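Enquirer: Turn this into a model:
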Amino acid sequence: MMTDGPKKIYVSWNTYFDLLRTLVQAIQSSEFHPKQIVCIARGGLIPGEILSRAMHAPLAIISVASYPDQKTEQEKMMFSRDLTTATPLRRRSVLVVDDLTESGKTLQMTKEWLCWWYEIPKHEVKTATLWHKTWSALTPDFYAETVTPDPDTGVRPWIEQPQELFANKL
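Expert: Numbers count the residues shown, from 1 in each chain. As a prediction, this is how the structure comes out:
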């Protein structure tokens, strides 16, 4: 990973896939064995798809918008009405996947929404991200890497993921 001062962390595809490997290993070495992967679009799409394959669990997608107009601060949370899945939803051992925690609101509210809308018992839902930012109010059950504020300035870094870098060059 390269940094652009304390504000941005640029992540290569190689680093991204190394983090995914670390996340898969953490989940596989735990007592939790996902029977359903629910990824949060957009950030959780790539990790969710790979975890679905690695865990041999069906994939469902929920669209959650919390950064209207690509702003960098969370505002009102908006959920898609339904999950998109090609198989019936399994209501046990559900793993909710996103790319990172910033405030923790997206993961927390998605978990609550799934439990309420699909009547999934809370103890059946776990969360996973590639990055856990330590200032987040929610710590995912599984994560690959911890991100901390700059120790000198307290600045909280923004992570530029490889798909963002690629899309910006098109």
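Enquirer: Could you pull out the helices in this structure for me?
Expert: Along the chain, counting by DSSP state H, helices occupy 13-28, 45-55, 105-117, 162-168.
Enquirer: Can I get those helices in CSV including mean neighbour count?
Expert: Using the backbone N, CA and C atoms, a C-beta is placed for each residue, glycine as well. Output for the helices of the chain, formatted as CSV (neighbours: other Cβ atoms under 10 Å):
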stretch, mean neighbour count
helix 13-28, 16
helix 45-55, 19
helix 105-117, 18
helix 162-168, 12
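Enquirer: Give me the angle between the lengthiest strand in the chain and helix 105-117.
Expert: Assignment by DSSP state E gives strand 125-133 as the longest strand of the chain. Angle, strand 125-133 to helix 105-117, by axes from the mean of the first three to the mean of the last three Cα atoms, to 10 degrees: 170 degrees.
Enquirer: hmm, back to that, next, format the helices of the chain as JSON lines and append distance to Ser136.
Expert: What follows is those, written out as JSON lines (distance: least, Cβ to Cβ, whole Å):
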{"stretch": "helix 13-28", "distance to Ser136": "16"}
{"stretch": "helix 45-55", "distance to Ser136": "17"}
{"stretch": "helix 105-117", "distance to Ser136": "8"}
{"stretch": "helix 162-168", "distance to Ser136": "20"}
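Enquirer: worst average pLDDT in these?
Expert: For the helices of the chain, the weakest mean pLDDT is recorded on helix 162-168, namely a mean of 82.
Enquirer: same for that helix, what does it pack against?
Expert: Of the remaining helices and strands, none touches helix 162-168 by 3 or more Cβ pairs under 8 Å, 6 or more residues apart in numbering; DSSP states H and E.
Enquirer: rewinding a little: what's the offset of the longest strand of the chain from the middle of its chain?
Expert: Relative to its parent chain, strand 125-133 has a centroid offset of 6 Å by Cα atoms, centre = their mean, to the nearest Å.
Enquirer: Neighbouring strands - and their directions - for that strand?
Expert: Strand 125-133 sits in its sheet next to strand 94-97 (parallel), strand 100-101 (parallel), strand 142-147 (parallel), going by DSSP bridges.
Enquirer: now the angle between helix 13-28 and it, please.
Expert: Going by the same axes, to 10 degrees, strand 125-133 makes 140 degrees with helix 13-28.
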